[in-house]
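*Asks:* sharing a model prediction with you, sequence too.
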Amino acid sequence: MTGNGEPLGPRAELLKRLLVCIDRACHESYADEVISCVTTTVTESLGARSAVVALLDQQTDFLAIHGAEGLSPQFVRNYRRTVGTGVLGQVILNGREVFIGEVEPDSEEATELRMELDFKSVMCVRIATSGRGMGFLLAESPEPNRFRPDDLVVLRLLACVVALSVERDRMLAADRQVPTSETPAVVYSYSYFHRRLTEEIERAQRLNERLSLVLISADNLSEHRQLHGTQKADEVFAELVDRLKRAIRSIDVIGRYGAGQLVIYMPETSQEAALKAAERIHKLIERHGYTIDDLPMTASIGVATLPENGETVNQLMNALSSALFKARRAGSHRVSGPAETYVL
């Protein structure tokens with residue numbers, strides 16, 4: 001309602017809802033409350049039939065729904081998907097934005113983005129922080145051309161709100177445990193690693209030095225977990241981490257990045273030197289032959305460098321995710337430098 005008692009217009013009501021979500025994300029509300037606010041805003045203000053926030057589990061390779069409107073509780077509970085190199089991979093790893101007015105029934109978008117029911121129009125954007133894909137926010141409708149282009153801008157803003165609240169919750173939890181020894185080698189939580197990296201980037205820029213990042217992703221971790229259980233897969237990954245720690249320099253720092261993923265920053269390292277180091281790591285993994293019942297544990301590796309691929313943490317992490325996506329799309333089990341950002 002306005003000050004004189006008249007109803008708010010649709011856009012004014014949307015702005016009011018956005019401000020409520022942002023206020024909750026910036027203050028003491030838990031991420032679950034913020035996500036609920038976001039999905040309600042998408043369905044009630046943008047007219048979506050359903051709205052979904054799906055996030056990558058930090059301990060597995062699976063996407064799980066953390067909040068939804070318009071879906072049955074059973075579907076939400078049972079939803080588990082991996083991030084490949086299709087549409088979901090393009091969104092989460094490479095920042096693609098999906099905006100389709102009328103979806104072809106047999107298209108890749110219809111197959112990968114379908115939730116519980118078929119849809120005609122869809123929007124989907126990445127949820128990310130510091131250049132790291134965390135999941136996606138999706139809105140769909142059975143009506144063709146239900147959404148307007150500026151609705152995609154709203155969805156992008158709401159995805160940022162979700163990322164802010166989720167990362168805040170994770171940082172609060174991590175700060176009670178950092179530094180942490182999660183494996184035989186010390187591996188820092190991503191929030192701690194991010195702070196260290198921010199300081200290192202500022203230092204490198206002051207001294208006009210190079211700095212490189214290497215992102216290592218275990219290719220078959222989800223298959224190991226499915227076949228042999230979480231404990232056995234974690235044991236293999238922990239052994240891999242321990243050997244990696246011994247293979248890098250004492251000034252290099254390792255951090256957790258995502259499920260089955262590690263990120264290393266290498267001070268005073270050019271892109272050429274970082275690619276050589278990444279190849280050594282790749283050969284180490286290949287030579288050791290990590291297997292469980294003949295299923296190999298291989299890795300895809302991406303490399304990015306300051307200043308060639310970015311001058312901020314966000315820019316560098318986006319370039320790093322792009323490099324990893326390039327390696328995966330080429331067949332995995334390889335090393336890649338940054339690829340071009342995906343453009344829809």
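*Replies:* Received the coordinates, thanks.

*Asks:* which residues are in contact with the spatially most central residue of the chain?
*Replies:* Using C-alpha atoms, centre = their mean, the residue of the chain that lies closest to the mean C-alpha position is Gly133, 1.8 Å off. In this structure, Gly133 makes contact with 56, 91-93, 95, 126-127, 258, 321, judged by C-beta atoms under 8 Å, 6 or more residues apart in numbering. All C-beta atoms are positioned from the backbone trio N, CA, C, and that covers glycine.

*Asks:* so for the residues you listed, which is the shakiest by pLDDT?
*Replies:* Ranked by pLDDT, those bottom out at Gly258, which scores 75.

*Asks:* I'd assumed Thr129 was in contact with it.
*Replies:* No: contact status for Gly258 versus Thr129: not in contact, 11.7 Å apart, counting by C-beta atoms under 8 Å.

*Asks:* each with direction, which strands does the helix or strand containing the residue nearest to the centre of the chain pair with?
*Replies:* Element membership of Gly133 [criterion: DSSP states H and E] is strand 132-141. The strands beside strand 132-141 in its sheet (DSSP bridges) come out as strand 50-56 (antiparallel), strand 121-129 (antiparallel).

*Asks:* show me where pLDDT drops low in the stretch 51-200 of the chain?
*Replies:* Counting by pLDDT under 70, the stretch 51-200 of the chain shows low-confidence ranges at 58-59, 172-186.

*Asks:* actually the stretch 201-344 of the chain, not the one I wrote
*Replies:* 221-230, 232-233, 288-296, 339-344.

*Asks:* out of the strands paired with strand 132-141, flag the one nearest Arg156.
*Replies:* Between Arg156 and the strands paired with strand 132-141, the tightest spacing by C-beta to C-beta is seen for strand 121-129, at 5.1 Å.

*Asks:* got a list of contacts for the closest one?
*Replies:* 53, 55, 87, 91-92, 95-103, 109, 113, 133-141, 143-147, 151-152, 155-156, 159, 162-164, 166-167.

*Asks:* before we move on, what about stretch 301-317?
*Replies:* Counting contacts by C-beta under 8 Å, 6+ apart, the residues outside stretch 301-317 that touch it are 130-132, 194, 197-198, 201, 204-205, 210-217, 269-271, 274-275, 278, 281-282, 318-327, 334-338.

*Asks:* between the two ends of stretch 79-98, how far is it?
*Replies:* With C-alpha to C-alpha, to the nearest Å applied, stretch 79-98 spans 20 Å between its terminal residues.

*Asks:* now it: buried residues?
*Replies:* For stretch 79-98, the neighbour count (16 or more other C-beta atoms under 10 Å) marks 79, 83, 85, 87-98 as buried.

*Asks:* next: stretch 112-123.
*Replies:* Along stretch 112-123, these residues count as buried under the neighbour rule (16+ other C-beta under 10 Å): 112-113, 115-116, 119-123.

*Asks:* which among those gets closest to Asp23?
*Replies:* Set against Asp23, the nearest of the buried residues of stretch 112-123 by C-beta to C-beta is Met123 (23.7 Å).
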